[in-house]
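Engineer: sequence below, structure please.
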Amino acid sequence: MASILPRTLMLARDARGQMTVELAAVFPVVLIIAVIAVNACTFFSECAEFDRVSRNAIRTVATSPAYEQTAAESVDRIKAAIESQMGSVCSDCRVVVEQSGEHSKYTATMQYSPTLFGMGLQQSVFGIGLPKLSHATTLVISTYKPGMLL
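Structural biologist: Below you'll find the model as predicted:
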């Protein structure tokens, strides 16, 4: 019994600081995984909100334009409506219209830059530019012009 006790104390003395070393080795990996997970969830959330906001903006602005309103003016109004509802998240949004006959195809595209828990990240690492994530939504409408005969 007496020989077991000093051996146990010797093993405990040798393992001192092991948890600190393991934490120092694992912490950067856990931090990187957390940043990736938070950015992925934020991107999916922004995509869902962008889909809702952009489709509503296209439906309200482009389906019934004013008598002299052109497609380019509709694009400007749609972009302004999206930016006012999305805030600073959608500062890099773009709206494009393609017309064919009576139908107009509106495509709204959002650019998302990953962040470090809300703080901005560098746009390049070792001279290599990081790409932005993009998401697009498309809606085809038949434009109704009030006062015009079909």
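Engineer: partners of the helix or strand Ala136 falls within, with directions?
Structural biologist: Per DSSP states H and E: Ala136 is located in strand 133-142. Sheet pairing for strand 133-142, assigned by DSSP bridges, gives strand 103-112 (antiparallel).
Engineer: need the contact list for the most centrally placed residue in the chain.
Structural biologist: Nearest to the geometric centre of the chain sits Phe43, at 3.1 Å (C-alpha atoms, centre = their mean). Phe43 makes contact with 112, 114, 133, 135, according to C-beta atoms under 8 Å, 6 or more residues apart in numbering. No exception for glycine: its C-beta is placed from N, CA and C like everyone else's.
Engineer: so how far is Ile78 from the first one?
Structural biologist: Meaning Tyr112. Noted for Tyr112: a distance of 19 Å to Ile78, by C-beta to C-beta, to the nearest Å.
Engineer: looking at these two, which one has more neighbours?
Structural biologist: Using other C-beta atoms under 10 Å as the criterion, Tyr112 and Ile78 rank with Ile78 on top: 24 against 18.
Engineer: pLDDT value on the more buried one, please?
Structural biologist: With respect to pLDDT, Ile78 scores 91.
Engineer: for Gly101, give me the backbone phi and psi.
Structural biologist: phi 70, psi -130 (degrees, to the nearest 10).
Engineer: residues near it, how many?
Structural biologist: Gly101 is flanked by 6 other residues according to other C-beta under 10 Å.
Engineer: what do you get for Arg52?
Structural biologist: For Arg52, the neighbour count with other C-beta under 10 Å is 12.
Engineer: helix or strand: which one has it?
Structural biologist: Assigned by DSSP H and E, Arg52 falls within helix 18-62.
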